[in-house]
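Asker: Mind folding the following:
(one chain, ligands or ions: 1)
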Amino acid sequence: MYPTMKTFLDLENGSVFLVFFGLLRILGGSDGNPGEICYNVCEVSNMITMDDIIREGHPTLEKRAKEVGLPLDEDTKKTLTRMRQFLINSQDETIREEHGLREGVGLSAPQIGISKRMLAIYTLDEDFEEHHDYIIINPKIIGHSVAKTYIAGSEGCLSVDREVDGVVPRHKRVSMRGHFYRPDTDTVEEKTIRLRGFLSVVIQHEIDHLDGILFTKRIVADLERAEPIEFKLPETEDDESTPEENHNRFPKEGKT
Ligand SMILES: [Zn+2]
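Answerer: Here you go, the predicted model:
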C-alpha cells in the first residue's frame, strides 16, 4: 500500500503536504544520521525495486498465500528484512527518485511473487504521532469494530498502476494476532496488537493480499454512516507557515 498525492488528493485543500510532513517525520527517526540510510541500503545490496513488484493480473496476487513455517529460516528472514527496507527506501526522496520507486507504507510477500503469509508495515499514524514498524508472519484478524472507515480518495497499491475511484470499506479498528519478527534482535514474538484508523486500513489491505484480494475488488461507490480517515498535523508554536508555503517546500514529482 502507498500514500501518495493521489491517495490524499481528496482531502481538504492543503492537506497533501501533511503526507510529506509525515514522511519527513518518519525519516526524522532515522535520518538524524543520514549515513544510517546509506548503511541500510548498502547492507541490503539486492534491494527490492519496482521491477520486483508484480502487478494486477498476475495469478500470485489472486491466490491465498501459504502459512509460513516457524522457526523462520535464514532466507525468509532476509526476504522480510528486504521488504521492510523497501518501504524505508521508498520514503526517502533521494533513494526513491534514484531507483524509480513508488512510495509505500506496506508490502506483502505475494507482491514480490512469494506466496507466503507475511508482510511489512512502516508508517506513521494519521495523527503523525506514533510510528509503526512491523514485520508480521501469519497475521490473523481476531476481532474488529462494527464501525467502518475509509481513506478519502480511495486506497493505493504498489501492484495497481491505474487510478481507481471509489471507496474501500474497512473496519475502523481491528485486533490482530501474529508472529512479529525483529531484524535488529533476530527474534520472533507472537502477540496481539490493536490498530485503528489508518493503521487498521493498512493491515486489512495487506492481509487482503495474503488472501488474494486486491483493494479494487472491494470498491464501492459510497459508504454511508462511515467517517473517512483524517490526517491531522500537530500544531507547533514555531511553525507559522501556511499550508500553501508548506506545500511549496516539497517538490511534486515522485509522489504519485
Ligand atoms: Zn497493495
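Asker: C-alpha only now, for contacts and for neighbours.
Answerer: OK.
Asker: so is residue 98 in a helix, a strand, or just coil?
Answerer: Three-state assignment for residue 98 (DSSP: H, G, I helix; E, B strand; the rest coil): helix.
Asker: Distance check, it against residue 220.
Answerer: Per CA to CA, to the nearest Å, residue 98 is found 36 Å from residue 220.
Asker: who's more crowded, these two?
Answerer: Set residue 98 next to residue 220 and count neighbours by other CA atoms under 10 Å: residue 220 wins out with 13 against 9.
Asker: list the contacts for the more buried one?
Answerer: 166, 167, 168, 169 (CA atoms under 8 Å, 6 or more residues apart in numbering).
Asker: what helix or strand does residue 201 sit in?
Answerer: Assigned by DSSP states H and E, residue 201 belongs to helix 197-210.
Asker: pLDDT on that helix, on average?
Answerer: Mean per-residue pLDDT for helix 197-210: 98.
Asker: Can you give the contact residues for it?
Answerer: Contacts for helix 197-210 (CA under 8 Å, 6+ apart): 1, 61-65, 105-111, 115-119, 121, 125-126, 139-140, 149-151, 170-174, 214-215, 229.
Asker: Look up the closest residue to the residue of the stretch 151-256 of the chain found nearest the ion, ignoring the ones flanking it.
Answerer: Going by CA to the ion, the ion is nearest to residue 157 of the stretch 151-256 of the chain, at 3.8 Å. Take residue 157 and drop its neighbours on the chain: the residue closest to it by CA to CA, 6 or more residues apart in numbering is residue 1, 4.3 Å away.
Asker: how much space is there between the one you found and the ion?
Answerer: 4 Å (CA to the ion, to the nearest Å).
Asker: Distance of that residue relative to residue 203?
Answerer: Note on residue 1: its distance to residue 203, by CA to CA, is 9 Å.
Asker: What helices and strands are in contact with the longest strand anywhere in the chain?
Answerer: As assigned by DSSP state E, the longest strand anywhere in the chain is strand 131-144. Other elements packing on strand 131-144 under the criterion 3 or more CA pairs under 8 Å, 6 or more residues apart in numbering; DSSP states H and E are strand 118-124, strand 173-182.
Asker: Need the winner for burial among these.
Answerer: A comparison of those by mean neighbour count, using mean count of other CA atoms under 10 Å, puts strand 118-124 on top with a mean of 25.
Asker: Could you figure out how far that one is turned away from helix 197-210?
Answerer: 160 degrees (axes from the mean of the first three to the mean of the last three CA atoms, to 10 degrees).
Asker: List the contacts of strand 118-124.
Answerer: Residues from elsewhere that reach strand 118-124 (CA under 8 Å, 6+ apart): 22-23, 26, 68, 80, 83-84, 87-88, 105-109, 130-139, 202-203, 206-207, 210.
Asker: what's the angle between it and strand 131-144?
Answerer: Orientation check (the same axes, to 10 degrees): strand 118-124 against strand 131-144 gives 120 degrees.
Asker: hmm, back to that, quick one: buried ones out of the contacts of helix 197-210?
Answerer: Burial by neighbour count, 16 or more other CA atoms under 10 Å: within these this picks out 1, 61-62, 64-65, 105-111, 115-119, 121, 125-126, 139-140, 149-151, 170-174, 214-215, 229.
Asker: just how off-centre is stretch 69-76 within its chain?
Answerer: 23 Å (CA atoms, centre = their mean, to the nearest Å).
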